[in-house]
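Asks: Got a predicted model here, sequence first, then my questions.
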2 protein chains.
Amino acid sequence: MARIEDVARLAGVSIKTVSRVINAEAGVREPTRDRVRAAIAELGYRPDPYARSLAGQRSFLLALVYGDAAASYLMDVQKGMLAACAERHYAMMLCPLDARSRPQSASMGTAARLQDALGRARPDGLLLTPPLTDDADLHALLMSTNQRYASLSPWLASPDGHEDIGARMDDTAAVHELVQALIERGHRHIGYLDGPPEHGASHWRRTGVLNALAQAGLALPAQRVAQADFSFESALPAARQLLDQSPPPTAIVAANDDMAAAVLRVAWERGIRVPEALSVCGFDDSPLSRQLNPPLTTIRQPTQDMARTATLELIDLIGGSSEGHMHTLPYQIQWRGTVADAS
Amino acid sequence: MARIEDVARLAGVSIKTVSRVINAEAGVREPTRDRVRAAIAELGYRPDPYARSLAGQRSFLLALVYGDAAASYLMDVQKGMLAACAERHYAMMLCPLDARSRPQSASMGTAARLQDALGRARPDGLLLTPPLTDDADLHALLMSTNQRYASLSPWLASPDGHEDIGARMDDTAAVHELVQALIERGHRHIGYLDGPPEHGASHWRRTGVLNALAQAGLALPAQRVAQADFSFESALPAARQLLDQSPPPTAIVAANDDMAAAVLRVAWERGIRVPEALSVCGFDDSPLSRQLNPPLTTIRQPTQDMARTATLELIDLIGGSSEGHMHTLPYQIQWRGTVADAS
DNA sequence: CGATATCATGACAGCGTTGTCAACGCGCAC
DNA sequence: GTGCGCGTTGACAACGCTGTCATGATATCG
């Protein structure tokens, strides 16, 4: 494998000049630069990333930090982040903080597990995905160690003066718009299938339901709300509970697609026709939503774009060319086969 | 941040001895080892991974190399690989080779893209997932650069003398068993929804169908086979094509769950009742298969275990404690609601 | 009891880059 | 002609570890 020294010899310059060319630093005359580039190409030289990291105090490595999340969501996050990494010549590593991936550390908190993982490879920055964006210990650790990081969702209970960095979408507005449309189509008995209350996602989406109902002069009685943990299985009993009420809801909004699928399952089991007798809405626009029968009405979250945007923001933050912003990306309601006028 | 020198001073030993303790090398007396460990704990010392990589010529980094694959499958692969990495103190990076993640390199072949990616971070070993396991250029590149790697599926067209390393399952036997059971339940008109012919997965699964039919004295006429690319969308026209034949098939086996979902969609559109009028089977046991209505009969692939096993094998290969084996893990047929006796 | 083998430990030279700072060459002003 | 400043380049010391090999201490053996 060629080293920088070989390139320098071939180009007839010092290794420092080669280093300058590699790092696109100023102060190298164009002809010299060209000679060096030619030498690099001829030798097929690739700078050793470890030597670079050691000497330069930066690794060109970003880590994706995540807990338990739906496969399709996480996959989109990875794609977006990888796209940004490819654009800026960064590499990307995975840093799962859920207990299952690291059985031996089940007793540690998320912050401790993160610290442990960061010892093994030292990324220049981190991208946090929900629900970890609501983990106060994690924020505290990252801020105290002066780690650069971006988030894919604002910190729900962030202290005063904290500025989120990354990208988000307006969950509340999206759900508001969705529920408003349901109301316009005649629905008055609308059920809501919520996620864990400590998750920002649950909070913002629930707020959207409440706002839309309140605006129409409607209330959300306790028996029209059920709670689960965003998983299909956990949502089955919750969906049954909602459908057991009388009068039954004519529409159910779930905080994500997996839970909406559970509503569809229960309706199928009971012979309740969707959308004729029951409208169902999800959130995420996962592949699942298109594969269900009938296809699910849901809110498209621009997950890939958000991840890419947040990652670029993170890279700029690391490079010092930005102080860090939180970008808000547009959602889109996907009207599909699970919604009809209230009968 | 503490360095090895600080630990050495505190423990009253040389840095080399600390290095020995960190790397669990032999030749350090137990009391000394304890003093060093205590010093490490007291300082909260974490060896710098880049210095380690530079000096030691190894990175404790593994890369997952993949092309286009279903989200849930890839997620399981990641989980299994991450579990193995955590056990052995390796870090893991992602190396997607599909064109979308690296738009600017759309014109490069997979081998060239891999080479490009390997320049950015130099993993000690790679894990290849299908369908890249069938990419001859990739194998050639890896073997010529003497890279260690393992695969999650054998190389379909491997040259003589090539020994696959990693983990697999017996696709052919699984599908054989599944189709045999369909035949026993009275099905005689069985359709098969195939994947791309150049994929090993397509080949082995199709072979399973053929074997089972042949064993029962049945043939697989051309009009009972349709082809798609493993995606839901691509399988919709293929499913229609199968159901347009007369007599229509009483059962359709798809080469994966997404394509089986497409069969369910078309049946739903046409009012064909599943399983009463049509039995449907998938392959993968993805979350989707459980969320469809009715839930899909499918073959459980122990993806996570396979990935973990293959990764451990890879690590042993890197460490020289194994010459590399291909492990075969057991499958399991998940009988669910989409199969009934032929009417 | 001395010679030799074995074990535990340390000194020191890399590993392949980047950062710092000095040196050099050249043009321009006085 | 001399001096100054700027743009360009290079020498060399880090960066924080591991590998090699020498050294001293201890155990083994005849």
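Replies: Here it is on my side, so go on. Worth saying up front: this structure is predicted, and the values here are computed from it rather than measured. Numbering: from 1, shown residues only, chains lettered A, B, ... in the order given.

Asks: Any regions of the stretch 201-343 of chain A where pLDDT drops low?
Replies: By pLDDT under 70, the stretch 201-343 of chain A has no low-scoring segment.

Asks: Residue of it nearest DNA strand D, please.
Replies: Per Cβ to the nearest atom of the strand, A:Ile318 is where the stretch 201-343 of chain A lies closest to DNA strand D, at 18.6 Å. (Glycine included, C-beta is placed from N, CA and C.)

Asks: State whether that residue and A:Gln147 are indeed in contact, as I suppose.
Replies: No: the pair A:Ile318 / A:Gln147 is not scored as a contact, 10.2 Å apart, by Cβ atoms under 8 Å.

Asks: intersection of neighbour lists for these two?
Replies: A:Gly125 (Cβ atoms under 8 Å, 6 or more residues apart in numbering or on different chains).

Asks: Looking at the two, which is more packed in?
Replies: When A:Ile318 and A:Gln147 are compared for neighbours, A:Ile318 comes out ahead with 20 against 16, by other Cβ atoms under 10 Å in any protein chain shown.

Asks: How is that one classified with respect to secondary structure?
Replies: Assigned with DSSP: H, G, I helix; E, B strand; the rest coil, A:Ile318 falls in the helix class.

Asks: show me the contacts for it.
Replies: Counting by Cβ under 8 Å, 6+ apart, A:Ile318 touches A:Arg58, A:Asp124, A:Gly125, A:Arg148.

Asks: nearest to DNA strand D, of those?
Replies: The shortest approach to DNA strand D among those belongs to A:Arg58, at 11.9 Å (Cβ to the nearest atom of the strand).

Asks: which parts of the stretch 201-343 of chain A sit against chain B?
Replies: When proximity is defined as Cβ under 8 Å from any Cβ of the partner chain, the stretch 201-343 of chain A approaches chain B at A:232, A:258, A:261-262, A:264-265, A:268, A:287-288, A:290-294.

Asks: and the spatially closest residue to A:Tyr149 that is not a sequence neighbour, bridged to which residues?
Replies: Ranked by Cβ to Cβ, 6 or more residues apart in numbering or on different chains and with sequence neighbours excluded, the top spatial neighbour of A:Tyr149 is A:Leu126, at 4.1 Å. For A:Leu126, the beta-bridge partners are A:Ala63, A:Tyr149 (DSSP bridges).

Asks: so how far is B:Gln57 from A:Leu126?
Replies: 28 Å (Cβ to Cβ, to the nearest Å).

Asks: Need the residues that contact whichever strand or helix holds A:Gln180.
Replies: Taking DSSP states H and E as the definition, one finds A:Gln180 inside helix A:171-184. With contacts defined as Cβ under 8 Å, 6+ apart, helix A:171-184 is touched by A:190, A:201, A:204-205, A:207-209, A:211-213, A:215-216, A:218, A:251, A:253, A:279, A:281, A:283, A:299, A:331, A:333, A:339.

Asks: Next one: the residue nearest to A:Tyr149 from A:Leu97, what distance?
Replies: In this view, A:Leu126 and A:Leu97 are 11 Å apart by Cβ to Cβ.

Asks: With A:Asn23 instead?
Replies: 33 Å.

Asks: Repeat that for A:Leu314.
Replies: 18 Å.

Asks: So, low pLDDT: which residues of the stretch 51-200 of chain A?
Replies: A:99-107.

Asks: got the residues of it near chain B?
Replies: When proximity is defined by Cβ under 8 Å from any Cβ, the stretch 51-200 of chain A lies next to chain B at A:51, A:53-54, A:59-61, A:71-72, A:74-75, A:78-79, A:82-83, A:86-87, A:89-94, A:96, A:100-105, A:117, A:119-122.
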